[in-house]
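Student: Sharing a sequence plus its predicted fold:
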Amino acid sequence: TITGLAFDGAVLTISEGGNTDQTINISSLDTDTQYTAGTGLNLVGTEFSADPSLATDTELSDAITASEALDLDKVIGNESVTGLTFDGGTSILTLTQDGAANETVNLGALDTDTQYTAGTGLNLVGTEFSADPSLATDTELSDAITASEALDLDKVIGNETITGLAFDGAVLTISEGGNTDQTINISSLDTDDQTLSLSGNQLSISEGNSVTIPSANGAETILEAAPDTDISVSGTGTSADPYLIANTRPDIFYPPSIEVDVATTGTGRTIDLHAEYLAQYGTPAVVSAGAPAAIPTYANTELYYYVTYFDPAVFANVSVDAVGVMTYDVIATPTDYNTLINVVFVAQ
C-alpha cells in the first residue's frame, strides 16, 4: 500500500508500508513549476487546505474496511511498487506495481525549459543575444552608398546599360551607353585549327585520330535494271562476283543456208548445224566497210537448237542434239527437186 509521496524540488519519493521507498529525479523536467489546487484542495494565496467536503475519519475507516474486503489475501506488501521509469523522449513516467497493472503519466507539460540558439547575424553569450559585429552599421552603410555614388559621374539611372556585343572572329567588343566601348582580343582561345590529310587509304585529322577508308571493290556502285525492260542485272559488282548485264529477251536467229543431199534415200544421216554456222559466220564472203572480218558467234553449248519445219514427203525421224548435230532419214527424192528444212538457233 502506498503510504506517502514526497518531493524535495528535485527527487520524487513514493513510500509504501513494509517496502523500500522508490525515488526518481525529475528536476530536469521543470524549471518553473506552477501550482494549482486540484480535486479535494483549496488554494488561498500560497496556502493549500483540505476541502471540507472530504471524508471524515469515520468515512475513511469505513472505506478502509471496504477496501480490505476487496483484498482477498490481505498480505501487506503484495501490492508493492516495484519500479519507476521515465522516458525522456516521450516524457512518460511509468509506475510498476506487483500484482497490478502499470500506471503511466505524461509529464511533458512540465517542461518549460525552451532552448534558444543564435542564427545568422546573431551571437549568443550565456543568455544574452547580440548582433554580429561583422555586420555593417548604419554609418558604415551610409558611407558605402556615398562612395558608390561618387563613382557614378552623372548618377543617371540606365546610362550604364550594355547596348551591344560584337565579335569579329578575334576581338570581343562590349558597347554601353554613355561610356567608351570595351574590347578584348580572345583569338588565342581558338585552338580548333585542324587539317585533314589522306595517305593511301588512311584519312587523318591533325590533333585528332585517323581512320582507315575501306578499299573500293566495285560493290559501292549499284547497278539496277530499269523496270519494264528486257535487261537483267546479276552479281554484286565485286571482283569475285562482277555485275552481269543480260538481255532477257531471247536472241533468236536463223543459221545460214545449208545444202542437204537428197538425191538418194538413206537413214541415219547427220549434219553438224553448229559447225556449218561457224564456217559461214567466221569467214563471210563479203564484209562492209569498217565491219569486223568475222561475225561474233556462240559456242555450241550456248545455243538451243530447233527444227521448226521439214518436208515430211522427203524427211523422216528428224532430231537434233544439245550441241547442234541434226540426224534425219531421206525417205524419197523430191519430185521437183525442191524441198526444205527450217532450223532456228536461240541464245541461252
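Tutor: Received it, and whenever you're ready, just let me know what you need. Numbering: from 1, shown residues only.
Student: now the helices for the stretch 1-150 of the chain?
Tutor: With helices called from DSSP state H, counting those that start in this stretch, the stretch 1-150 of the chain shows them at 57-70, 138-151.
Student: Worst mean pLDDT among those helices?
Tutor: For these, mean pLDDT drops lowest on helix 57-70, to a mean of 73.
Student: Return that one as PDB; C-alpha atoms alone will do.
Tutor: Listed next in PDB are the C-alpha coordinates belonging to helix 57-70 (Å, rounded to 0.1, in the frame of the first residue of the first chain):
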ATOM      1  CA  ASP A  57     -12.300   9.800   9.900                       C
ATOM      2  CA  THR A  58     -15.300   7.500  10.200                       C
ATOM      3  CA  GLU A  59     -15.900   7.700   6.500                       C
ATOM      4  CA  LEU A  60     -12.200   6.900   5.900                       C
ATOM      5  CA  SER A  61     -12.400   4.000   8.300                       C
ATOM      6  CA  ASP A  62     -15.400   2.600   6.600                       C
ATOM      7  CA  ALA A  63     -13.600   3.000   3.200                       C
ATOM      8  CA  ILE A  64     -10.600   1.200   4.500                       C
ATOM      9  CA  THR A  65     -12.700  -1.700   5.800                       C
ATOM     10  CA  ALA A  66     -14.400  -1.900   2.400                       C
ATOM     11  CA  SER A  67     -11.100  -1.800   0.700                       C
ATOM     12  CA  GLU A  68      -9.700  -4.600   2.900                       C
ATOM     13  CA  ALA A  69     -12.700  -6.700   2.000                       C
ATOM     14  CA  LEU A  70     -11.700  -6.400  -1.700                       C
END
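Student: which parts of that helix are buried?
Tutor: Using 16 or more other C-beta atoms under 10 Å as the test for burial, helix 57-70 gives no buried residues. Glycine gets a C-beta too; all of them are placed from N, C-alpha and C.
Student: Quick check: which helices or strands does that helix pack against?
Tutor: Here helix 57-70 touches no other helix or strand, going by 3 or more C-beta pairs under 8 Å, 6 or more residues apart in numbering; DSSP states H and E.
Student: now the end-to-end length of stretch 315-329.
Tutor: One end of stretch 315-329 sits 6 Å from the other (C-alpha to C-alpha, to the nearest Å).
Student: Quick one, which of the helices of the stretch 1-150 of the chain gets closest to residue 126.
Tutor: helix 138-151 (26.9 Å; C-beta to C-beta).
Student: Following that closest one in sequence, what is the next regular element?
Tutor: Using DSSP states H and E, the next helix or strand after helix 138-151 towards the C-terminus is strand 162-167.
Student: Contacts for the helix or strand just after that following strand, please.
Tutor: Per DSSP H and E, the first helix or strand lying C-terminal to strand 162-167 is strand 171-176. For strand 171-176, the surrounding residues in contact (C-beta atoms under 8 Å, 6 or more residues apart in numbering) are 160-167, 181-187.
Student: follow-up on the earlier one: now distance to residue 314 too, for the helices of the stretch 1-150 of the chain, in a markdown table please.
Tutor: Converted to a markdown table, these look like this (distance: least, C-beta to C-beta, whole Å):
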| stretch | distance to residue 314 |
| --- | --- |
| helix 57-70 | 151 |
| helix 138-151 | 129 |
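Student: And those helices: which comes nearest residue 235?
Tutor: Nearest of the helices of the stretch 1-150 of the chain to residue 235, taken as C-beta to C-beta: helix 138-151 at 83.4 Å.
Student: Show me where the stretch 1-150 of the chain has its strands.
Tutor: Secondary structure of the stretch 1-150 of the chain, counting by DSSP state E, counting those that start in this stretch: strands at 2-7, 11-16, 22-25, 41-44, 47-50, 81-87, 92-97, 100-106, 122-125, 128-131.
Student: Could you do the stretch 201-348 of the chain as well?
Tutor: Here the stretch 201-348 of the chain has its strands, by DSSP E, counting those that start in this stretch, at 202-205, 210-212, 231-234, 244-247, 252-253, 266-272, 303-310, 315-320, 325-330, 341-347.
Student: Compare the ones you listed and say which comes out lowest on pLDDT.
Tutor: Sorting those by mean pLDDT places strand 210-212 lowest, at a mean of 75.
Student: What pairs with that strand, parallel or antiparallel?
Tutor: Its sheet considered, strand 210-212 pairs with strand 202-205 (antiparallel) by DSSP bridges.
Student: With just CA atoms, put the strand it pairs with into PDB.
Tutor: Taking C-alpha atoms only, strand 202-205 is exported to PDB below (Å, rounded to 0.1, in the frame of the first residue of the first chain):
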ATOM      1  CA  GLN A 202      44.400   6.400 -94.200                       C
ATOM      2  CA  LEU A 203      42.300   9.600 -93.500                       C
ATOM      3  CA  SER A 204      43.800  11.600 -90.700                       C
ATOM      4  CA  ILE A 205      42.900  14.900 -88.900                       C
END
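Student: Residues contacting that strand, please?
Tutor: Strand 202-205 is contacted by residues 194, 195, 196, 197, 198, 210, 211, 212, 213 when judged by C-beta under 8 Å, 6+ apart.
Student: Can you get me a residue count around the last one?
Tutor: Residue 213: 10 surrounding residues under other C-beta atoms under 10 Å.
Student: next one: the second one
Tutor: Neighbourhood size, residue 195 [other C-beta under 10 Å]: 9.
Student: Same question for the fourth one.
Tutor: Using other C-beta under 10 Å, residue 197 is surrounded by 10 other residues.
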